[in-house]
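**Q** Predicted structure and sequence below. I'll ask about it afterward.
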Amino acid sequence: MGTQSAENCKGFSETARQLPDIEDYKFWNWFAGVIDGDGNFDIRRDPSSKKKVLKQIRIKLHNRDVRILSRIQDYLHIGRIRSDKNKPYSIYIVSTRENMIYLVKHLNGLIRLKVPVFKEACLLYNIDYKEANYNIELYDPYFSGLVDTDGSIVFNYAGNRIECNLEFQYNQYTSKLNFDSTILNSKPYIVIRKKSSVLAGPKDFTSIAFKFQNVNNMLFIYDYFMNNRLYSDMKFYRVTKIKGFIDIRKYKNSPIFSLEHKIYSNFVLNWIKYDNPLWYKVPFTKYLIYKDK
């Protein structure tokens, strides 16, 4: 699969251009976000020695987002990608000691959420753990790695806007995340709430959500992801449509059979349908299906 680097996207910022070793900086910060989102450090007790060992470093994603795994493998030239025969998932796996040490060393100082198990991996390899800065700086690619895996680009029909959201289980690490300076002129609305999960039996937990949901945030969200592109094709497609949406969002309240409402409806339906086989389950689509008299 071909990949497009963020440097080739239009609007690449002067701020990002000035960073040293730009390609490595962009990859490793983005990669740390991917790891914090859907990565796993598989530490087990060796049956023969009875000592703990790092067995594998893995990232598991839906096949829809396999381009993320391909980008990692293409950049690092290590690891393998294995598809699940019975489920629509693929896993990127690094399992040799030399390569795992290489990853742990380069991720040190960048991991913010998978901290306990990453600290343990550092200890196993006699690497001094470095704490990451939880104030995610302007244009830091770490944020795009999180959005690629755990984030969402959503259409808020009631608010007539496109949003960028992240949600995690609330804990001592997620509570320290600060995205106030990550996207230019944009601060997220933070929501902490009680939730229930039935995946492993009924269980209550607290979540923390970061929502870039202001109408005025949209153009700056677009600019951030043009600098730090998403490798989830669906999410990146949705981001690229923001500028076009700004031009036609005023047509939402046009008469139902007017040309303006047809333009608005077609745009939003195409936005929802892209790479989304369950688009028809989105409740507000019933207001958008345009029919000629």
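**A** Structure's in. What do you need? Numbers count the residues shown, from 1 in each chain.
**Q** Beyond the helix or strand bottoming out on mean pLDDT in the chain, next helix or strand please.
**A** Lowest by mean pLDDT, DSSP states H and E among the helices and strands of the chain is helix 14-17, with a mean of 42. Proceeding N to C from helix 14-17, the next assigned helix or strand is helix 22-38, under DSSP states H and E.
**Q** Now that next one: buried residues?
**A** 26-38 (16 or more other C-beta atoms under 10 Å). Every residue, glycine included, has its C-beta placed from N, CA and C.
**Q** Looking at those residues, spot the one nearest residue 186.
**A** residue 33 (17.6 Å; C-beta to C-beta).
**Q** Can you identify each of the strands in the stretch 1-150 of the chain by residue range?
**A** For the stretch 1-150 of the chain, strands defined by DSSP state E, counting those that start in this stretch occupy the ranges 39-45, 52-62, 80-83, 89-94.
**Q** Output the third one as CSV - backbone C-alpha positions only.
**A** The reference is to strand 80-83. Taking Å, rounded to 0.1, in the frame of the first residue of the first chain, the C-alpha atoms of strand 80-83 are listed here in CSV:
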residue,chain,number,x,y,z
ARG,A,80,5.5,-8.7,10.6
ILE,A,81,1.8,-8.2,10.0
ARG,A,82,-0.5,-11.2,10.6
SER,A,83,-4.1,-11.3,9.6
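**Q** residues in contact with that strand?
**A** By C-beta atoms under 8 Å, 6 or more residues apart in numbering, the residues outside strand 80-83 that reach it are 63, 66, 69, 70, 73, 89, 90, 91, 92, 93.
**Q** what about 10 Å?
**A** The contact list for strand 80-83 (C-beta atoms under 10 Å, 6 or more residues apart in numbering) reads 58-61, 63, 66, 69-70, 72-73, 89-95.
**Q** any weak-confidence spans in the stretch 101-250 of the chain?
**A** The stretch 101-250 of the chain contains residues with pLDDT under 70 at 197-202.
**Q** Against residue 147, how distant is the nearest residue to residue 130 once chain neighbours are set aside?
**A** Distances taken as C-beta to C-beta, 6 or more residues apart in numbering place residue 109 nearest to residue 130, at 3.7 Å, with adjacent residues excluded. Using C-beta to C-beta, to the nearest Å, residue 109 is found at 21 Å from residue 147.
**Q** Break the chain into its domains for me.
**A** 6-124, 241-293 (automatic domain parsing).
**Q** In what element of secondary structure is residue 172 found?
**A** Using DSSP H and E, no helix or strand contains residue 172.
**Q** picking up where we left off before, who are the contact partners of the residue nearest to residue 130?
**A** Residues in contact with residue 109 (C-beta under 10 Å, 6+ apart) are 28, 32, 129, 130, 131, 132, 133.
**Q** What separation do you get for the most centrally placed residue in the chain and residue 67?
**A** In the chain, the residue lying closest to the centroid (C-alpha atoms, centre = their mean) is residue 147, at 1.7 Å. Using C-beta to C-beta, residue 147 is found at 14 Å from residue 67.
**Q** does residue 224 belong to a helix or a strand, and which?
**A** helix 218-227.
**Q** Mind checking what helix or strand follows that helix in sequence?
**A** Following helix 218-227 in sequence order, the next helix or strand is helix 233-240 (DSSP H and E).
**Q** Restricting to C-alpha, output that following helix in CSV.
**A** In CSV, the C-alpha atoms belonging to helix 233-240 read as follows (Å, rounded to 0.1, in the frame of the first residue of the first chain):
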residue,chain,number,x,y,z
ASP,A,233,-8.2,6.2,5.5
MET,A,234,-11.8,6.8,6.7
LYS,A,235,-10.7,9.4,9.3
PHE,A,236,-8.3,11.2,6.9
TYR,A,237,-11.0,11.3,4.2
ARG,A,238,-13.4,12.9,6.7
VAL,A,239,-10.8,15.5,7.7
THR,A,240,-10.0,16.5,4.1
